[in-house]
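[1] Whatever this is, show me its structure:
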Amino acid sequence: MSTNIDHIKEEHHHQPSGLMRWITTTNHKDIGSLYLWFSLLMFFIGGFMALIIRAELFQPGLQLVVPGFFNQMTTMHALIMIFGALMPAFVGLANWQLPMMIGAPDMALPRLNNWSFWILPFAFAMLISTLFFESGGPAAGWTLYPPLSLQGGNSMPFVIFSLHLLGASSILGAINVIATILNMRAPGMTLMKMPIFVWTWLITAFLLIAAMPVLAGAITMLLTDRFYGTSFFTAAGGGDPVLFQHIFWFFGHPEVYILILPAFGIISTIIPAFSRKKLFGYDSMVYATASIALLSFIVWAHHMFTVGMPLAGEIFFMFTTMLIAVPTGVKVFNWVATMWKGSMTFETPMLFSLAFIILFTIGGFSGLMLAITPADFQYHDTYFVVAHFHYVLVPGAIFAVIAAVYYWLPKWTGKMYNETLGKVHFWMTTVFVNITFFPMHFVGLAGMPRRIPDYAVQFTDFNMIASVGAFGFGLSQLLFVYILFQTLRQPVTAADKSWEGAEGLEWTLPSPAPYHSFDTPPKVD
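    This is a model prediction of the structure:
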């Protein structure tokens, strides 16, 4: 008996090394790092596709790519950025921070955690491989509207299967987050004492579990329409293409909040730290986050004002959409109130957080414009919509991820990044993101349609400016990668507190790694 126990102990303490360590790891920090590196890779692949789009739109007339490939790029850019760059980045941050923030040794379901990550590389390999098919990749837009998604080559079933895998990964990750937060908090940490980042992730996890199966249902119906003779969305068989839009956006609108709520949690962590004050209105922040999540399920048809819905429906969706501005406004007010009369300093994470507040608010205002039904008939499917959601997702979600990496990197590694280079990265990124997306408001209001590889000559100047900005933004992110590698390679460790004089900040020396897995040997009597 004792021999067996000694063998189990010996096996437990034997840590795999090299590649096997990363493949088999159940350590939340390792898995968080895997998510973040994977997200960075997808960010550059999706960004490269965006640069192809912007290069084609540099001037009117077809120059670089054929219209079919242009449509494939718009579709793949969006799918990769949403499901490959942003969502894995936030899950990676959750993996790293949640157990440490609530005092847990690891995530509740470590083996499931490993599996939910390793689904991703295979799903994206399948998605990207469609570009090499003879018939080409998907060209139906990221929304996959029929009848476009019911035509074309053989890529669509591959795209649908990869989206199923991505959805499964997200749902498994969400179950893990909920189980960890509800069951593994330190004694005395009630729900209303949790850090706000933990709250935003708890609410996001419920959104994921509620929304992702809806997408799975919609794309499965697409698949059966294409291959099994059903007519859910085929008008010739009695179906309705608009039905797909209803189902898709019932998933799609909560999805955009899945992409922004964890960002709210990050900003609500960083702003108090560099203001040397507690977060203003903690309770109202929690209630506002929950309100946004609940309201996100009853506003979906504001994406569909032009499909011919009844006037009563348009009015309902217009007012509920405007209502979401209230809890969002509460958050912005609380962030500003937190900074008010604080002892503020402007390190790189704080700069990205301030840019987030200002630029995300611009995106929010253009969203209110799009919510007004009669005005939306003018804006719909123009570059104004592109400007709106990029102002929400680039200076919103992506800035929050970058701010979080700068803020927690000393905590994770015990090494301090180069603050001067960080600020250069911030200013380059902020300037170029505005050069890229602000002109799109003007061409959109003037009527330039989106997802079209050519345009009228009067839109040339603003498109040239946007394209220059896009390449500048892309090149700025190479500096970010350089800063990361320079930080990781340096032998010098950070001071015990990297953020000098910032009271209440976590100690930045890396905490000891937990066991490789939860396979603890049995206790010996």
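[2] From here on, just use CA atoms for contacts and neighbour counts.
    Will do.
[3] mind listing what's buried in stretch 46-66?
    By neighbour count with 16 or more other C-alpha atoms under 10 Å, stretch 46-66 contains the buried residues 46-60.
[4] Nearest to residue 203 among the residues you listed?
    Using C-alpha to C-alpha, residue 46 is the member of the buried residues of stretch 46-66 that lies nearest residue 203, at 27.3 Å.
[5] Would you confirm that that closest one contacts residue 82?
    No - using C-alpha atoms under 8 Å, residue 46 makes no contact with residue 82, being 9.3 Å away.
[6] sorry, back to before: let me know the closest of the buried residues of stretch 46-66 to residue 438.
    Residue 438 has its nearest neighbour among these in residue 54, at 14.2 Å by C-alpha to C-alpha.
[7] got a list of what the closest one touches?
    Contact analysis of residue 54 by C-alpha atoms under 8 Å, 6 or more residues apart in numbering lists 466, 467, 470.
[8] ok, for residue 235, nearest residue in space, not its chain neighbours?
    Distances taken as C-alpha to C-alpha, 6 or more residues apart in numbering place residue 241 nearest to residue 235, at 6.9 Å, with adjacent residues excluded.
[9] And residue 433, by the same measure?
    Using C-alpha to C-alpha, 6+ apart and skipping the chain neighbours, the partner closest in space to residue 433 is residue 473 (6.1 Å).
[10] do the same with residue 261
    With C-alpha to C-alpha, 6+ apart as the measure, residue 200 is the residue that lies nearest to residue 261, at 5.7 Å, once sequence neighbours are left out.
[11] Surely that neighbour touches residue 268?
    No - taking C-alpha under 8 Å as the contact criterion, residue 200 and residue 268 are not neighbours in contact, 9.9 Å apart.
[12] same for whichever strand or helix holds residue 469, what does it pack against?
    Counting by DSSP states H and E, the element that carries residue 469 is helix 460-489. The criterion is 3 or more C-alpha pairs under 8 Å, 6 or more residues apart in numbering; DSSP states H and E, and the helices and strands that helix 460-489 contacts are helix 28-56, helix 419-445.
[13] Dump these to CSV, plus mean pLDDT and distance to residue 333.
    Converted to CSV, the helices and strands packed on helix 460-489 look like this (pLDDT from 0 to 100; distance: least, C-alpha to C-alpha, whole Å):
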stretch, mean pLDDT, distance to residue 333
helix 28-56, 97, 30
helix 419-445, 97, 22
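[14] Between these, which one is closest to residue 306.
    helix 419-445 (16.4 Å).
[15] now the closest one against helix 28-56, angle please.
    Regarding helix 419-445 and helix 28-56, their directions subtend 50 degrees when assessed with axes from the mean of the first three to the mean of the last three C-alpha atoms, to 10 degrees.
[16] Start at 23, not 1
    Fine by me, first position is 23 from now on; the one you just mentioned is helix 441-467.
[17] tell me what helix 441-467 is packed against?
    Judged by 3+ C-alpha pairs under 8 Å, 6+ apart, the packing partners of helix 441-467 are helix 370-393, helix 395-401, helix 405-414, helix 482-511.
[18] center of the chain, which residue is that?
    Central residue of the chain (C-alpha atoms, centre = their mean): residue 108, 2.7 Å from the mean position.
[19] dump the residue contacts of it.
    Neighbouring residues of residue 108 by C-alpha under 8 Å, 6+ apart: 61, 65, 281, 419, 420.
[20] remind me which residues of the stretch 123-272 of the chain are low pLDDT?
    Across the stretch 123-272 of the chain, residues meeting the criterion (pLDDT under 70) sit at 174.
[21] starting at the chain centroid, how far to stretch 434-445?
    23 Å (C-alpha atoms, centre = their mean, to the nearest Å).
[22] which parts of it are buried?
    Buried positions in stretch 434-445, judged by neighbour count with 16+ other C-alpha under 10 Å: 434, 435, 436, 437, 438, 439, 444, 445.
[23] ok, longest helix in the protein?
    Among the segments of the chain that qualify as a helix by DSSP state H, the longest is helix 218-249.
[24] After that helix, heading C-terminal, what element do we hit next?
    Heading towards the C-terminus - elements assigned by DSSP H and E - helix 218-249 is followed by helix 263-280.
[25] That following helix - contacts with which helices or strands?
    Using 3+ C-alpha pairs under 8 Å, 6+ apart as the test, helix 263-280 ends up in contact with helix 218-249, helix 304-317.
[26] Just after the last one, pick out the following helix or strand.
    This means helix 304-317. From helix 304-317 onward toward the C-terminus, using DSSP H and E, the following helix or strand is helix 333-361.
[27] tell me the angle that following helix makes with helix 304-317.
    What separates the directions of helix 333-361 and helix 304-317 is an angle of 160 degrees, with the same axes, to 10 degrees.
[28] Quote the end-to-end distance of stretch 202-213.
    Here the two ends of stretch 202-213 are set 13 Å apart, with distance taken as C-alpha to C-alpha, to the nearest Å.
[29] Now do residue 85 against residue 153, distance only.
    Computed with C-alpha to C-alpha, the distance linking residue 85 and residue 153 is 20 Å.
[30] Same check on residue 454?
    When distance is defined by C-alpha to C-alpha, residue 454 is 29 Å away from residue 153.
[31] do the same with residue 53
    Taking C-alpha to C-alpha as the measure, residue 53 and residue 153 are separated by 29 Å.
[32] When these two are compared, which one has more neighbours?
    Summary of the neighbour comparison: residue 53 and residue 153, criterion other C-alpha atoms under 10 Å, with residue 53 having more neighbours (27 against 17).
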